[in-house]
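K.L.:
Curious how this folds, go ahead:
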Amino acid sequence: MPHNLMSNLSAGCYLHFSQNQLVLFQNSWQCDSHQRSDNRRQMFIIEPPMQRKLIQIIGILWTVLYAGVIIWIYATQPRTLREVATNTRVAAGVYEINQEKFNSGLNLFRRDQFRAARDEWMAADPAQKDPQVQFYIAYSFYREGWGRTYDDDVLFKQGLDAVNRALSLSPNGSLTVADPDLQLRTGAELKVELEQGTENSWSDLNPFKVFRQRK
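P.N.:
The predicted structure follows:
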């Protein structure tokens, strides 16, 4: 006579034993499947103490991040949202100059429109991180401040600041610009001219100075 037996297994699973072995196998598989599913659900349960610790860790990280952003803003002192975006690109290492603005400034420079050229170059390199742009800015100060009898000290000092920036941004402090329209093609040469223009010497009284040529 066939008989049935209900057997209580672990985790609340029950098997139905009968003469049909296939039913036994299927019921056993279902039981194991339920146990595995329960185990998986338990793995993703976070106990209350762990939840509190996780929230504390996230809060600390968020506070540190927020403080870092505030310190960075005070350090860079951006005055506009555009400057904030520029400083962010610099910090991320993806900063690039505006090539169109640079070319526009170069055209103005070659027509002796030095102030307009500087405006374009400052827009092309707002972070003052490109050595070539800073070199041309320095050169524009040199050409605008140059005179046959005397040089404009204010403009030459501004040019000296710009060429020093250009050299500090260049590898090994050496900068060469391949521009056939320029007589001074290295940062070192331009720096010497600007330094000499800001110095007071007996050569300033030389009458033959009026025959010198702008470079």
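K.L.:
quick one: Q134 and Y95, what's the gap?
P.N.:
14 Å (CB to CB, to the nearest Å). Where you see a C-beta, it was placed from the backbone N, CA and C, and this is true even at glycine.
K.L.:
Looking at those two, which is more packed in?
P.N.:
More crowded of Q134 and Y95, by other CB atoms under 10 Å: Q134, with 26 against 16.
K.L.:
where in this structure is pLDDT low?
P.N.:
Applying pLDDT under 70 to the chain flags the ranges 1-47, 68-70, 72-87, 201-208.
K.L.:
Can you spell out which helices and strands pack onto the top helix by length along it?
P.N.:
Counting residues, the longest helix in the chain under DSSP state H turns out to be helix 48-76. Secondary-structure packing of helix 48-76 (3 or more CB pairs under 8 Å, 6 or more residues apart in numbering; DSSP states H and E): helix 81-92.
K.L.:
can you give me the strands for this structure?
P.N.:
Here the chain has its strands, by DSSP state E, at 5-8, 14-17.
K.L.:
ranges for the helices of this structure?
P.N.:
Counting by DSSP H, the helices of the chain are 21-43, 48-76, 81-92, 99-110, 114-124, 131-145, 153-169, 187-198.
K.L.:
I'd like to know which of the ones you listed is closest to V177.
P.N.:
The closest approach between V177 and any of the helices of the chain, judged by CB to CB, belongs to helix 131-145 at 5.6 Å.
K.L.:
and the direction of that closest one versus that of helix 187-198, what angle?
P.N.:
Here the directions of helix 131-145 and helix 187-198 differ by 30 degrees (axes from the mean of the first three to the mean of the last three CA atoms, to 10 degrees).
K.L.:
Can you report how many residues neighbour L61?
P.N.:
10.
K.L.:
before we move on, what about G173?
P.N.:
For G173, using other CB under 10 Å, the count is 12.
K.L.:
picking that back up, so for V210, which of the helices of the chain sits nearest?
P.N.:
helix 187-198 (15.4 Å).
K.L.:
Buried residues, the closest one. List them.
P.N.:
When burial is assessed from 16 or more other CB atoms under 10 Å, helix 187-198 yields the following buried residues: G187, L190, K191, E193, L194, G197, T198.
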